[in-house]
Each structure stands twice: as structure tokens, then as C-alpha cells.
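>>> could you work out the structure for the sequence below:
(2 chains)
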Amino acid sequence: MAAQTPTAGVQAPPHEDTPRTRRPRRLAQSTFYWMVWPALILFAAFHTLPVLTGIFYSLTNYAGYGDWNFVGLANYGNLFGDDRVLQAYGFSFLFAIVATIVTNVISLAIAMGLNAKIVARNFFRGVYFVPYVLAILVIGYVFQFFFSSSLPKILSSWPLFRDNILTNETWAWTAIVVLAVWQACAFSIIIYLSGLQTIPRELYEAASLDGAKAWRQFRSITFPLISAFFTINVVLSLKSFLQVFDPIVALTNGGPGTSTESVTLLIFRGGFSGGEFAYQTANAVIFFVVITVVSLVQFRVLQRREADF
Amino acid sequence: MTTSTTTAGQAEPVLPDRTRRRSRRRGTADDDPRPINWWATALVAVCSLTVLVPLYLAVVVALKTPEQLASGTGFEWPSPVRWDNFGEAWERTRFPQALTNTALITVGSVVLTLLTSSVVAYAIARNLHRRFFKGVYFYLLAALFIPFPIIMLPLVKQTAFLGLDNQAGLIVLYTIYGLSLNIFIYTAYIRSIPIELEEAARVDGASTWRVFWQVIFPLLTPMNATVGILTCVWAWNDFIMPLVVLTEPGSRTLPLAQYVFQGQFNTDYTVAFASYLMAMAPLLLVYVFSQRWVISGVTRGSIK
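Residues are numbered from 1 along each chain as shown, chains lettered A, B, ... in the order given. Below you'll find the predicted structure:
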């Protein structure tokens, strides 16, 4: 590659042949290659290489230290029979689906509120974005105090909250949903708001002249016209909620027991302190496949629905 | 897909920004002829409490004595106010050190990201019809799908081996890992800049580098703002990467300091809250002063 570029650089000043007909086969000016190569090499070294190393280790029994042997696909086979792993996937999916739905419903409602003519609109737009600039781990500790110390005193008549919901094996995950949704809404609201602003106001005027009420306007105008933004939001939120990590560390640290242990937390714990380096890397590879498949399927399904309108 | 959303992205966010600025100058007057929607105002105002109340809670707990805290739900305003918590938290978390580390990492990442991502995106955007650059583009985009856990474990070994388990290493990593998304944001924008501008500069004898720095880079200001904000918030708040990469206790960042703090003194809520507040305050203050600009910047980047 590098050997060809100097000559190309000399003979192809791009403005000579670019104006109307760009010929795709021609090599670019050598400067352009110099702009890309360093970044490309670093990216390969610090991103692709670790990915490949990880895939390699997933075929061994490496514990993170000491000797190792090839074990073929044994790690992958064992994953499917491991209760702790299955539970982590179960938790991650339950959490991600609930959090995605709640986030999108709330953000869309608030974005519509912020798009209507309201008092102090700019102030409120500013307020709703605040969670985005706060570290979720740090604000998470504030939520932890709220759930474990304030809420039991405020709602002392309610058994569920009186006993600190974070230590409740069945319901601790809902507290994590609250924290994760609290932060994720900030960004979703911004995306929905920019979607809502692309809708011309005249459409609503015409619709109300035709006698369409609020709900009908939402169903027939608002939602179809922002469905591209809806797709982006749902795909992105599910993908990032599946990888939930910080809110769990801040609130329950996976407990009580392992009832709120997500896949990411399990990979981190087992891989670094559990001596399961190779095993958890195999888990990470599977996780990658799962996330990619889920995102692509979602994208296909949602886009097809978009086209229906 | 990219091109169609780009045009929307560039044309639209400018509008609300302008109306906003205008409305501020004229007081409350808006060019929106609709009557004020009181139901929406009420909904938005009530829901905004969910954002404001946790912040209020953080402030009041940080200003209490442990006895005051134990006697109530945590929401009562403290009397007398106790400021000593902040001094104690300052020393226990070695706040100046953590703040310096975080600031260094954030500024370094933002500067390096802006200087490198834009150059790479420029080369790609102007040669996207060539196979090599198209390949690079999709190679970088594909990385968006790879979850961090897959790289996490090997990365730790690699950074330790290369001596990059420190602040400098984090700066490099944030720059590299941000590349995928940033290239996506920049490329679409650069392709909308008319090529005639560059050709004019070239006719005058400017080299490609010179064309980039003197013609293209200044035109990228809105995208630089977007990428800069996203990188800044990410690098400042990130927890998992410093957690796995950094080895020296002296190089730890603000979120990491809170994590360690939580483990050691978890009964001491009042001091802990003072330290949480101090960790949140810098970025929160920056946000309050640059709020309008931040939101319009992020809007531009997000709808791609």
C-alpha cells in the first residue's frame, strides 16, 4: 500500500479529474493515507487486537495468571449449563426490556411536554438534561441512601419499602431500573425533542380542523413522523441497558445474593477476582453475539413497521 | 440513511436555538402563536422534581451532623448547618489529587480526540468512493457493536505490559475508543461541505494538510462542539475503564475515589455525601453556565 501511494500522490492532484466524473478506481492522494494510517494502526492495536486476544483466550483454560492449555469449545459448552450465567442473562434481559419501555414512554411524554408551549420552557429543558452530566456511580450513592434510609422512614406503613427494597431479593431490581431510567431519560428526551421539532405545526392545525382529537393526532401524526427517532432510541437504549454496570455497583453490587448480577458485572467479577479469565471471556464473546443479533433484529423489525405508515 | 438524517440534523437544531435566543432577549415573547398549554406545564414541572429532589437530598445530607441525619428522613433542612463535612471529605478522598487526575484525563482526551478524529474523518469523507477508505469506515463503525467486556480482560494485560496503566494510557484509550462514533458524526457533516471551497484553496497552492487546518477545521466548529461535549462527559464520569486500567492509587479519578471511599467509610453518610457533591459539582457548574450551548450541541450529534 505505502509503496503505491507516492506515485499516486504525484500524478493525481484531485482537482484535475474530480469536478464532474470521479473515477472510483484511482488511488487517493498520499496525504489522505497518512491521515488515516496512524489512527487505524492504533485502533487495531488497542481495540481489534484485544478482541482477537479475548477470542483466543476463550478457547483456553487461562485463569488470568500461570499456565494454560487449549480446551477448545469447552468454555462455551459449560456456559450453557451454568446457572449463575443463565441467571445473569435472565436478569440483564428482564432489566433491559423493562428499562427500555419505561425510558421511552417517559421520555416521549416529557419531550412532548417540552415541545408544547409551556412556561419557562428553556429552564425545564436545561433541568431534564442534568442527569446526563452527572456520574451515574456518584449520584447512584445518593439514590442508595434514599432507598435504604429515607424511603423506609417515609413509607413505613408499606411493608415492601419499610424493609429496604435493596435487600429484597425479588424487588431490588426495580430500584436499579429507577436509577438507570432516571439517567437514560436525559438523552432520550433530547433525541425525541429534536424529532418532534421536525414536524411542521401546520399538520396539527389541519388535523384539528378535521376534528382530530389529541390522541388521534398523536397516533396519526406525531408517532408516525418520529418513528425513525423511536427506532434509534429503542435500539440504543436496549443495547446500553443490556450492558448495565454502574447503577448496579452503586445500588446493590449484584446482591442480595446474585439476584441483581448483570452479565457485565459477572464478567468483571469472575474475570478479575474469580480466576475465570478464559471462561468469562467466552461469556463476553457470546454476549457480543447476543447484543449484535438483538440490535439487528430490532432494527429490522422496527424499520419495517416504520415503512407501514 | 446517513445523508438524509444529516440534512435534517443540520437544518433543524439551528431553529430552536435561534428562537430561544430571541425569546430571551424579548423577555418571554415567543414566535409561537399557540396559547400556553397549562397541562403540559404542570406535567413537565412535576416530573422535573424527580431530577431536582435527589440533588436537594445530596445537598442537605452533606450539610448535616450524623445525629441530625439519624433523627429524620434525610430531607429536612439542617440547623445548624455543618460545613466541616466538606473539609473532611476533601482530605479523606485526597480530593485535589483526584480532581487533577480527572481534569487532566478529560482535557487530554477532548483535545486529542478533536485533533485526530476530525483528520481521519476528513480523509474518509473525501474518499468514501474508494474501496480502502470505505473499508476503513465500515471497520470503525462495526466496532460500535462490540461491548466493552469483551476487550476488558485482555486490555488490562496489554496496558500493563505497555506501561499504559496510567493517566496517559486512559487519554489514548478514550481517544481511540471514541473514534468509531466520532467518525460517524464528523463524516456525514464533512460530506455536506462543498468541495469547491477546498478546490479554491488548492488552486492557490495549499497542501492537503493546510486545506484541512485552514479551511475545513474552522468549518467543523459545530461538530467539534458536539464531539467535545460527548467526550468530555464520558471521560469525566467514566467508571469502568479507570477501574480496570489504572493500577496506581495516586492516579485514581473522581468516580473511582468515591467508589473506594464508599467501601472504606460506608457508615459515614454525611462526609460521604459532601464528597459526592464535590465530585459532581465541577461538571454540573460547567453545565449550568453553558447549558443552552451544550443542549444544542448534543442535539446536533445525537440525531445522526
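>>> I'd say residue B:297 and residue B:224 touch.
No - in terms of Cβ atoms under 8 Å, residue B:297 does not count as a neighbour of residue B:224; the distance is 9.2 Å. For the C-beta atoms, the positions are set from N, CA and C on the backbone; glycine is no exception.
>>> gap between residue A:231 and chain B?
Remark: distance between residue A:231 and chain B (Cβ to the nearest Cβ, to the nearest Å) = 11 Å.
>>> ramachandran angles for residue B:149?
Per-residue torsions, residue B:149: phi -50, psi -30 (degrees, to the nearest 10).
>>> quick one: contacts for it?
Residues near residue B:149 by Cβ atoms under 8 Å, 6 or more residues apart in numbering or on different chains: A:243, A:263-264, A:267-268, A:284, A:287.
>>> go through those residues and name the one nearest residue B:216.
Checking these against residue B:216 by Cβ to Cβ gives residue A:243 as the nearest, at 34.9 Å.
>>> pull the most distant pair out of the contacts of residue B:149.
Considering Cβ to Cβ, no two members of these lie farther apart than A:268 and A:287, which are separated by 11.9 Å.
>>> follow-up on the earlier one: turn the contacts of residue B:149 into JSON lines, columns for secondary structure, neighbour count and pLDDT.
Rendered in JSON lines, the data for the contacts of residue B:149 read as follows (DSSP: H, G, I helix; E, B strand; the rest coil; neighbours: other Cβ atoms under 10 Å in any protein chain shown; pLDDT from 0 to 100):
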{"residue": "A:243", "secondary structure": "coil", "neighbour count": "19", "pLDDT": "92"}
{"residue": "A:263", "secondary structure": "helix", "neighbour count": "27", "pLDDT": "93"}
{"residue": "A:264", "secondary structure": "helix", "neighbour count": "24", "pLDDT": "93"}
{"residue": "A:267", "secondary structure": "helix", "neighbour count": "29", "pLDDT": "92"}
{"residue": "A:268", "secondary structure": "helix", "neighbour count": "24", "pLDDT": "90"}
{"residue": "A:284", "secondary structure": "helix", "neighbour count": "29", "pLDDT": "92"}
{"residue": "A:287", "secondary structure": "helix", "neighbour count": "25", "pLDDT": "93"}
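>>> return only those of these found close to chain B.
Of the residues in the contacts of residue B:149, proximity to chain B by Cβ under 8 Å from any Cβ of the partner chain holds for A:243, A:263-264, A:267-268, A:284, A:287.
>>> and residue A:60, backbone torsions?
When read as degrees, to the nearest 10, the backbone of residue A:60 gives phi -120, psi -180.
>>> didn't it look like it was pressed against residue A:279?
No - because the distance of 9.8 Å does not satisfy Cβ under 8 Å, residue A:60 is recorded as not touching residue A:279.
>>> higher neighbour count, the two?
Under the criterion of other Cβ atoms under 10 Å in any protein chain shown, the comparison of residue A:60 against residue A:279 puts residue A:279 first, with 27 against 20.
>>> how many neighbouring residues does residue B:80 have?
Neighbourhood size, residue B:80 [other Cβ under 10 Å]: 9.
>>> give me the three-state assignment for it.
The three-state label given to residue B:80 by DSSP: H, G, I helix; E, B strand; the rest coil is coil.
>>> also residue A:68?
Going by three-state DSSP, the secondary structure assigned to residue A:68 is coil.
>>> could you find the closest non-adjacent residue to it?
Among residues not flanking residue A:68 along the chain, residue A:62 sits closest, at 3.7 Å (Cβ to Cβ, 6 or more residues apart in numbering or on different chains).
>>> doesn't that neighbour lie inside a helix?
No - counting by three-state DSSP, residue A:62 is not part of a helix but coil.
>>> gap between the spatially most central residue of chain A and chain B?
The geometric centre of chain A, computed from its C-alpha atoms, lies nearest to residue A:240 (Cα atoms, centre = their mean), at 1.7 Å. Look at residue A:240 and chain B: by Cβ to the nearest Cβ, they are 10 Å apart.
>>> quick check, that residue in contact with residue A:184.
Yes - with the criterion set as Cβ under 8 Å, residue A:240 and residue A:184 qualify as a contacting pair; they are 7.4 Å apart.
>>> how close does residue A:246 get to chain B?
Computed as Cβ to the nearest Cβ, the residue A:246 to chain B distance reads 5 Å.
>>> surely that residue is in contact with residue B:241?
No - proximity of residue A:246 to residue B:241 does not meet the contact threshold set by Cβ under 8 Å, at 11.4 Å.
>>> these two: who's more crowded?
residue A:246 (25 against 20).
>>> contacting residues for that one?
Residue A:246 is in contact with A:135-137, A:140, B:239-240, counting by Cβ under 8 Å, 6+ apart.
>>> pull the most distant pair out of those residues.
For these, with distances taken as Cβ to Cβ, the pair at the greatest spread is A:140 and B:240 (13.3 Å).
>>> more neighbours: which of the two?
Under the neighbour definition other Cβ under 10 Å, residue A:140 and residue B:240 were set side by side, and residue A:140 has more, 27 against 18.
>>> can I get the strand or helix carrying residue A:131 in CSV, CA atoms only?
Per DSSP states H and E: residue A:131 is located in helix A:121-133. What follows is the C-alpha trace of helix A:121-133 in CSV, where atoms were taken according to Å, rounded to 0.1, in the frame of the first residue of the first chain:
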residue,chain,number,x,y,z
ARG,A,121,-39.5,26.1,28.6
ASN,A,122,-35.8,26.7,28.4
PHE,A,123,-35.3,26.3,32.1
PHE,A,124,-37.1,22.9,32.1
ARG,A,125,-35.1,21.7,29.0
GLY,A,126,-32.0,22.5,30.9
VAL,A,127,-33.2,20.7,34.1
TYR,A,128,-34.1,17.5,32.3
PHE,A,129,-30.6,17.2,30.8
VAL,A,130,-28.8,17.5,34.2
PRO,A,131,-28.7,13.7,34.9
TYR,A,132,-26.7,13.2,31.7
VAL,A,133,-23.8,15.3,33.1
